[in-house]
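>>> Output the structure for:
(4 chains)
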Number of protein chains: 2
Amino acid sequence: MEARSADRSTPAERRQLSAVDGLAQLSFLVQRMLERRAGEHDLSIIQTRLLGVLRDRRPTMNELGKLLALDKSSVSGLVERAERRGLVTRTPSPADGRAVLVSLTKDGRMLVAEAASQFEADVLALLNRLSPSDRGALSGLVSRLLVAYATDHGIDPFPSVGSD
Amino acid sequence: MEARSADRSTPAERRQLSAVDGLAQLSFLVQRMLERRAGEHDLSIIQTRLLGVLRDRRPTMNELGKLLALDKSSVSGLVERAERRGLVTRTPSPADGRAVLVSLTKDGRMLVAEAASQFEADVLALLNRLSPSDRGALSGLVSRLLVAYATDHGIDPFPSVGSD
DNA sequence: TATTGTTATACTCTATAACTATA
DNA sequence: TATAGTTATAGAGTATAACAATA
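Here you go, the predicted structure:
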């Protein structure tokens, strides 16, 4: 649902968002930035995530399902649509006759690189609204938060977000 | 795409995420929390957002489209499905014979309240991984960032996230 | 038998276009 | 004419279930 403050005062009187509202709003903002940049390349967020995880992997359909937290049948459709656009290719696995390896094409790699750099620029522009010292502080706090969370969940905090 | 660090060192050597990666990961994490809690009530994120914006509004279909950034035809379907579940009701507008007012039912209000409080608890639990002073610092920085961004875009930073 | 992947099916979500009714 | 809303249609994205091929 929408994050919402219980605060009923007028805008001019309110000077700070609650921590929960702030984090919720920030997450929506970042997601919107990603969605917008992806959309400029006719990519959905999930298609963009697919290309993203393939940047440094050549997984089977099965592994892709785990990486993206999708059912194998969903992966079939996702990859089929990306393949139809020439962004990824399917290759039979030499190691396992049942398996299929998915990898980026040149076009796919170019597209994801472009979208990634634009998204990065968006986030940097957002962060530039803070002073350098505030920026560093925010970055450090977010990093610590994520590392603590990941550690609690037995995950390596550093590989990418979302799925891999 | 997946947020990714260009850092190629091993996990044990890496001690901080880049600011961009951190914000991207954090946004995915918060979104997953929302998605999970919504899913427990058989709600999608967009259905949850619909209920969320209706908590303190009684908009027309048209206004709802602007609040959620959806085409009017999308709103028709969205509201139709929510109405079928007994979560919202449609009432003819007394002021305009063409317009329809959408509002929460008791069931809808209960559902969104429950999902909201669970989501809030998730975010608070996440934040509790930081010390109280770090928590305050993070909250303040995020708040300043969002206020600066909103001000630059001529938006009131305080009403809810995402759409309203 | 178990695993990998595809296909059939069903539903949500979204947009465009055509339509009705009201302003 | 313009606006509010619905409906028809098309497509992406998701899951479950049934299936074929391989291990």
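>>> if I pick A:V79, what's in contact with it?
If you count contacts by CB atoms under 8 Å, 6 or more residues apart in numbering or on different chains, A:V79 has them with A:L50, A:M61, A:L64, A:V88, A:R90, A:V102. For every residue, glycine as well, the C-beta is placed using N, CA and C.
>>> Tabulate those residues (a markdown table), appending distance to B:S74.
Output for the contacts of A:V79, formatted as a markdown table (distance: CB to CB, whole Å):
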| residue | distance to B:S74 |
| --- | --- |
| A:L50 | 24 |
| A:M61 | 31 |
| A:L64 | 29 |
| A:V88 | 29 |
| A:R90 | 33 |
| A:V102 | 31 |
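>>> tell me which of those residues is nearest to B:Q31?
Among the contacts of A:V79, A:L50 lies closest to B:Q31 (CB to CB), at 17.0 Å.
>>> which of the contacts of A:V79 has the most neighbours?
Neighbour counts for the contacts of A:V79, by other CB atoms under 10 Å in any protein chain shown, peak at A:L50, which reaches 29 neighbours.
>>> in which helix or strand would I find that one?
Per DSSP states H and E: A:L50 is located in helix A:45-54.
>>> what's the angle from the very next helix or strand once past that helix to helix A:45-54?
Next in sequence after helix A:45-54, counting helices and strands by DSSP H and E, comes helix A:61-68. Interaxial angle, helix A:61-68 versus helix A:45-54 (axes from the mean of the first three to the mean of the last three CA atoms, to 10 degrees): 110 degrees.
>>> Just give me how far helix A:61-68 sits from the chain centre.
Offset of helix A:61-68 from its chain centre (CA atoms, centre = their mean, to the nearest Å): 15 Å.
>>> how about the helices in chain A?
For chain A, helices defined by DSSP state H occupy the ranges A:19-40, A:45-54, A:61-68, A:72-84, A:106-127, A:132-152.
>>> before we move on, the earlier item: and DNA strand C, is the helix holding A:L50 touching that?
No. Contact of helix A:45-54 with DNA strand C (CB under 7 Å from any atom of the strand) is absent, the minimum separation being 11.1 Å.
>>> For A:V142, which residues are in contact?
Listed by CB under 8 Å, 6+ apart, the contact set of A:V142 reads B:L17, B:A19, B:G22, B:L23, B:L26, B:L138.
>>> A:D152 too?
A:D152 neighbours (CB under 8 Å, 6+ apart): B:R129.
>>> Pick out whichever of the contacts of A:V142 sits closest to DNA strand D.
The shortest approach to DNA strand D among these belongs to B:L26, at 20.1 Å (CB to the nearest atom of the strand).
>>> Without its sequence neighbours, what residue ends up closest to the closest one?
Distances taken as CB to CB, 6 or more residues apart in numbering or on different chains put A:V142 closest to B:L26, at 5.5 Å, once the chain neighbours are dropped.
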